[in-house]
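Student: sequence unknown, structure follows:
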């Protein structure tokens, strides 16, 4: 398996696969309450079998080129992930998402990992539009969308029922030409 460095602090990005189900479950268990504030993943991944099934679903998406999951590791420990929840190459669209356990926040890991995955989707797979769907209450995730150069395109009022409450959901997006221009601007000293 390959890993891609996310900077000079030892953080790296690598695919997550079904044989890593035990490590993935341990990661979810460490961050279950924190991750579950805005993400239903902890309600889905509850034991080793459901962890393996979740990673298998992404393995099938990867095989059909309709999605991906990459783990974020800090000092060798799985602390989060970035996903392409869906990817439609015929339409040139994808939806990215992320999560981190609490000990890994505030280090820019998600922003760096999302940049790598979005760059791959745009440059290697020809995706034209990458979306980021986020609960309006999830300020850290909205901050990532901003750092990625995305534009808030919509607020879907009370569109997302979660744990007994209806939440507003925001749709942020970046288009391939905007992505390339922002990347070029980051490289210019």
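Tutor: On my side now, so go ahead. The model shown is predicted, which means the values in this text are computed figures rather than measured ones. Residues are numbered from 1 along each chain as shown.
Student: which pLDDT value goes with the nearest residue in space to residue 55 that is not next to it in sequence?
Tutor: Spatial nearest neighbour of residue 55, chain neighbours left out: residue 18 (4.5 Å); criterion: CB to CB, 6 or more residues apart in numbering. Where C-beta positions appear, they are placed from N, C-alpha and C, glycine not excepted. pLDDT, residue 18: 97.
Student: and for residue 18, the neighbour number?
Tutor: 16 (other CB atoms under 10 Å).
Student: please apply the same query to residue 53.
Tutor: Residue 53, neighbours per other CB under 10 Å, totals 14.
Student: which SSE is immediately downstream of the helix or strand bottoming out on mean pLDDT in the chain?
Tutor: None of the helices or strands of the chain scores lower by mean pLDDT, DSSP states H and E than strand 4-5, at a mean of 86. Proceeding N to C from strand 4-5, the next assigned helix or strand is strand 12-15, under DSSP states H and E.
Student: just how off-centre is that next one within its chain?
Tutor: When distances are taken as CA atoms, centre = their mean, to the nearest Å, strand 12-15 is centred 12 Å away from the chain's centroid.
Student: tell me the pLDDT of residue 161.
Tutor: Note on residue 161: pLDDT of 89.
Student: could you measure from the spatially closest residue to it that is not a sequence neighbour over to residue 184?
Tutor: Spatial nearest neighbour of residue 161, excluding adjacent residues (CB to CB, 6+ apart): residue 167 at 7.6 Å. As judged by CB to CB, to the nearest Å, residue 167 and residue 184 stand 36 Å apart.
Student: those two: which is more packed in?
Tutor: The neighbour count for residue 167 versus residue 184, taken as other CB under 10 Å, is higher for residue 167 (18 against 9).
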